[in-house]
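**Student:** Sequence and predicted structure are below.
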Amino acid sequence: MARRAPGPTPRHFAVIDPATGEAFEEAPDQRPEELDAIVERARLAWAGWRADPDARADALRAAADAVETAEDVLARLLSREQGKPLTESGAEIARTAARLRYFAGLTHPRNRPIRDDRPMRSEVRWRSIGPVAAIVPWNFPLQLAAAKFAPALAAGNTMVLKPSPFTPLATRLLGSVLAAALPRDVLRVVTGREPLGARLASHPCIRHVTFTGSVATGRSVAASTAGSLTRVTLELGGNDAAVLLDDVDVDRIADQLFWAAFRNCGQVCMAVKRVYAPTRLYAKVVEALAQRASTVTVGPGSEPGTQLGPVNNAPQLARVEDLVGQALAAGARAAAGGQRLQRPGYFFAPTILTDVPPDSPVVTDEQFGPVLPVLPYRTLDEAVEAANGTRFGLGGSVWGTDLDRAEAVAERLECGTAWINHHAELSLAQPFAGIKDSGLGVAGGPWGLYGNLRPFVVHRPCDRPPAEEAPR
Ligand code: NAD
């Protein structure tokens, strides 16, 4: 345990290493009452931060450099508290820096003239909105935080960021790394247990709440913002289907498909969470995935050579165990795995489920763990209907040799992003928006920036209409 400073003891809570199930560190358990002063400092810092877009761009680039310089120490802490392999932690930190650099290039939102037939020069100018609250989950603590602070800060807002109590430490460290590059109070990290998040979401001086997490908490956050009519963006759960076409080359795609489901131990909002395979190829697909599930190297994320770490926390492990138990009791078969590993920590054997009743919760709900149900289909219409048949709509993918045919099937998926022959690869420049229970609002690319701005329109009389704006 870290040694605390002398003086009155603030409250702390334990942080667990998921590879051992033991506490290894503590984090401050900040009280909701502390938020008033923190949000007020963010509000005061806003005036200076919003004033100079060039200075903002420079600061965000310096912040990206600082993150890269600290990669090693950040990656080790992230793997320790989150459980993911060190290589994945390194990739997460690289994406955090890349996101800062991308949004550093967008600090000058273009004014937009409005063209109509009135003798008026009208122009939309974009204004920042004030202190933004970001609330993020434990699966990609740094990268998801960056997806929130990079566009919000580029827009000229300040931010109070609350990580999950399961992964507070790497985010606190990131906060101190960024503090060296950013003006004081532009970004503040707060850690603590509920009701800290609920109080932050309902704080009257917060002007935008951007939340990533589960559907249930997302609904609660939306309700928290209703009182103050605060803007809210929700990035919620997913249950992405991968539809394999009858011309798919199973041997060729098996590795990629496996990792699209099992990366970060399946704890990815847009992981492949269900596979639909044509009956003719069903046995071959199951065998290929089961072979990989039974041979992958499972171990502590901090150990070199680990490919798959533990589940991040005890409640999530219990949920995965329960979903698999229910499916097995309903007649499913585990072609690989199927149970917890007999070792300390929150390890669950990488699991491939076959013969799963399509109405099992492991198919209809989000498992968010190292478990993949594979379901057979007879006709393509049946597969598309099943893929679209849940309350989620985050992503989906189609796998086959004829790319035009695969794209025609992908067009039929009801979700925010569809991939062909891969899954879950995002561009920093693309919009990211789930439909149905998967989210509300748009993040990513310029859309993510505008989600953190408000339009301000000026009309003045003129003789000539305004010049055409160059396309962005
Ligand atoms: P969660 O909803 O339990 O918690 C998310 C965050 O909300 C945490 O910081 C938590 O402390 C906080 N929180 C809890 N109760 C709150 C309340 N009443 N008010 C305000 N904040 C509150 O989610 P989780 O278990 O940490 O993360 C897993 C979920 O996140 C999965 O459903 C996953 O699909 C989803 N997710 C979505 C995306 C996306 O971009 N769509 C990305 C990653 C994860």
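**Tutor:** Structure's in. What do you need? Just so it is clear, the model here is predicted, and its values are computed rather than measured.
**Student:** how deep is residue 194 tucked in, by neighbour count?
**Tutor:** Neighbours of residue 194 under the rule other C-beta atoms under 10 Å: 11. Every residue, glycine included, has its C-beta placed from N, CA and C.
**Student:** Could you pull up the residues touching it?
**Tutor:** Contact analysis of residue 194 by C-beta atoms under 8 Å, 6 or more residues apart in numbering lists nothing.
**Student:** what about the nearest residue to residue 21 once chain neighbours are set aside, neighbour count?
**Tutor:** Nearest residue to residue 21 in three dimensions, chain neighbours excluded: residue 345, at 5.1 Å (C-beta to C-beta, 6 or more residues apart in numbering). Using other C-beta under 10 Å, residue 345 has 20 other residues around it.
**Student:** Might one say that residue 296 is in contact with residue 308?
**Tutor:** Yes - the pair residue 296 and residue 308 passes the contact test of C-beta atoms under 8 Å, sitting 5.3 Å apart.
**Student:** Could you pull out the residues contacting both of the two?
**Tutor:** Contacts common to residue 296 and residue 308, judged by C-beta under 8 Å, 6+ apart, are 262, 350.
**Student:** Next to the ligand, which bits of the stretch 351-472 of the chain? Give me the list.
**Tutor:** Within the stretch 351-472 of the chain, the positions near the ligand by C-beta under 6 Å from any ligand atom are 366, 368, 394, 434, 439.
**Student:** Could you export those as JSON lines, including pLDDT?
**Tutor:** Output for those, formatted as JSON lines (pLDDT from 0 to 100):
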{"residue": "366", "pLDDT": "98"}
{"residue": "368", "pLDDT": "98"}
{"residue": "394", "pLDDT": "98"}
{"residue": "434", "pLDDT": "97"}
{"residue": "439", "pLDDT": "97"}
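**Student:** Using neighbour counts, trim the residues you listed to the buried set.
**Tutor:** Among these, those scoring as buried are 366, 368, 394, 434, 439 (criterion: 16 or more other C-beta atoms under 10 Å).
**Student:** Contacts only, for the residue lying closest to residue 411 once chain neighbours are set aside.
**Tutor:** Nearest residue to residue 411 in three dimensions, chain neighbours excluded: residue 418, at 7.6 Å (C-beta to C-beta, 6+ apart). Residue 418 sits next to 395, 396, 397, 398, 410, 411 when contact means C-beta under 8 Å, 6+ apart.
**Student:** domain ranges for this structure?
**Tutor:** By the record's domain assignment, the chain is partitioned as 12-236+429-458, 240-420 (automatic domain parsing).
**Student:** distance between the first one and the chain's centre?
**Tutor:** It refers to domain 12-236+429-458. Counting by C-alpha atoms, centre = their mean, to the nearest Å, domain 12-236+429-458 is centred 11 Å from the centre of its parent chain.
**Student:** How confident is the prediction for residue 306, by pLDDT?
**Tutor:** Note on residue 306: pLDDT of 97.
**Student:** how many neighbours does it have?
**Tutor:** Burial of residue 306 is recorded as 22 neighbouring residues (other C-beta under 10 Å).
**Student:** Next: residue 290.
**Tutor:** 22.
**Student:** Distance-wise, check it relative to residue 65.
**Tutor:** From residue 290 across to residue 65, the span is 44 Å (C-beta to C-beta, to the nearest Å).
**Student:** so who does residue 310 touch?
**Tutor:** Counting by C-beta under 8 Å, 6+ apart, residue 310 makes contact with 18, 19, 83, 265, 300, 301, 317, 345, 346, 347, 348.
**Student:** List phi and psi for the second one.
**Tutor:** Dihedral angles of residue 19 (phi, psi; degrees, to the nearest 10) stand at phi -80, psi -20.
**Student:** Would you agree it is in contact with residue 83?
**Tutor:** Yes - Residue 19 lies in contact with residue 83 (C-beta under 8 Å); the separation is 6.1 Å.
**Student:** out of the two, which sits in the more crowded spot?
**Tutor:** Per other C-beta under 10 Å, whichever of residue 19 and residue 83 has more neighbours is residue 83, with 33 against 23.
**Student:** Can you pull the residues of this protein lying near the ligand?
**Tutor:** 135-139, 144, 162, 164-165, 194, 197-198, 201, 212-214, 217, 220-221, 235-238, 269, 366, 368, 394, 434, 439.
**Student:** Mind checking which of those are buried?
**Tutor:** Buried among those (16+ other C-beta under 10 Å): 135-139, 144, 162, 164-165, 197-198, 201, 212-214, 217, 220-221, 235-238, 269, 366, 368, 394, 434, 439.
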